[in-house]
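Undergrad: 3D, please:
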Amino acid sequence: MLGCLLHACWCVWRAAPSLAPPPTAPRCRVAAAEPNAGRGADLGSYSWTQSLHEVSVAVPVGRGLKAKQLDVVCSKQHIRVGVKGQEPILDGALSEPIKADETMWNLSDGVVELTLTKAEGMHWWSAVLAGGPAIDVQAVEPESSKLTDLDPETRQTVEKMMFDQRQKAMGLPTSEEMQKQDMLKRFMDAHPEMDFSNAKIM
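TA: Residues are numbered from 1 along each chain as shown. Prediction:
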């Protein structure tokens, strides 16, 4: 009886699934790209630049071609560029969605130049194609005209924040602290008979 019981337990143990964790799939590393002057990258088959609202892609296709010989298709999340009857030069899912109905392209000196409007503006793309060579968006230089694109009220708020950030970095008073100091100084000037030696700015 005991032998049958031990045999049954052994069979159950053999049939039980392994408790060892499944092997983890190797992680795919995205290739890094050096940002160019246009906040994009110069790659082997294409190059790209960007602003906060648009992405410009340049794809060399060869001289002597006409626009009707090209295969250029852009949807919200996919792009394909090439010559009809040949393998596409650029083909893949976009890393970010675009406004497909606002896409424009032209052929100039053997290069297809595309302008893609970002569906979600006011931020930098790290790559054109999903999983493609990516730039470090932290290294991207901001647009010098960014503040001029804002409405006056927002621009004033942003400029104040930038000023306060610089002041704090240098260990100097912020705009609010300077305003309090100025108010205290004017009050002191208006009341010379009072003792302000122990006055503190809160």
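
Undergrad: all contacts plus neighbour counts: C-alpha atoms, from now on.
TA: Fine.

Undergrad: list the buried residues in stretch 45-54.
TA: 46-52, 54 (16 or more other CA atoms under 10 Å).

Undergrad: would you map the strands across this protein?
TA: With strands called from DSSP state E, the chain shows them at 41-42, 47-50, 54-60, 70-75, 78-83, 90-93, 104-108, 111-117.

Undergrad: contacts for the third one next, please.
TA: What it means is strand 54-60. Contacts to strand 54-60, defined as CA atoms under 8 Å, 6 or more residues apart in numbering, come from residues 45-50, 81, 89-90, 110-118, 121.

Undergrad: so what's residue 109 up against?
TA: By CA under 8 Å, 6+ apart, the contact list for residue 109 reads residue 63.

Undergrad: scan the chain for its longest helix.
TA: The longest helix of the chain (DSSP state H) is helix 152-169.

Undergrad: how is the protein carved up into domains?
TA: As recorded under automatic domain parsing, the domains making up the chain are 41-141, 152-186.

Undergrad: now the shortest one: average pLDDT?
TA: It stands for domain 152-186. For domain 152-186, mean pLDDT rounds to 82.

Undergrad: between the two ends of that domain, how far is it?
TA: 29 Å (CA to CA, to the nearest Å).

Undergrad: could you do stretch 122-131 as well?
TA: Stretch 122-131 end-to-end distance (CA to CA) = 22 Å.

Undergrad: repeat that for stretch 60-71.
TA: Criterion CA to CA; first-to-last residue distance in stretch 60-71 is 13 Å.

Undergrad: quick check: buried residues in that stretch?
TA: Buried residues in stretch 60-71, counted by 16+ other CA under 10 Å: 60-61, 70-71.

Undergrad: likewise for stretch 125-138?
TA: 125-130, 132-136.

Undergrad: out of those residues, who's nearest residue 178?
TA: The closest of the buried residues of stretch 125-138 to residue 178 turns out to be residue 136 (CA to CA; 37.0 Å).

Undergrad: which residues does the closest residue to that closest one other than its chain neighbours contact?
TA: Leaving aside its chain neighbours, residue 136 sits nearest to residue 126 (6.4 Å; criterion: CA to CA, 6 or more residues apart in numbering). Each residue near residue 126 by CA under 8 Å, 6+ apart is listed here: 40, 134-137.

Undergrad: measure residue 126 to residue 55 for me?
TA: Taking CA to CA, one finds residue 126 at 11 Å from residue 55.

Undergrad: poorly predicted segments of the protein, please.
TA: Residues of the chain meeting the criterion pLDDT under 70: 1-31, 143-150, 196-202.

Undergrad: 90 instead?
TA: Within the chain, the stretches with pLDDT under 90 are 1-35, 52, 120-123, 137-202.

Undergrad: hang on, the earlier thing: what is the nearest of the buried residues of stretch 45-54 to residue 153?
TA: residue 52 (20.2 Å).

Undergrad: grab the nearest non-local neighbour of that closest one.
TA: Using CA to CA, 6+ apart, the closest residue to residue 52 is residue 122 (4.7 Å).

Undergrad: burial count for that neighbour?
TA: The local packing of residue 122 (other CA atoms under 10 Å) involves 12 other residues.

Undergrad: for residue 100, give me its contacts.
TA: Residue 100 makes contacts with 74-76, 116-117, as judged by CA under 8 Å, 6+ apart.
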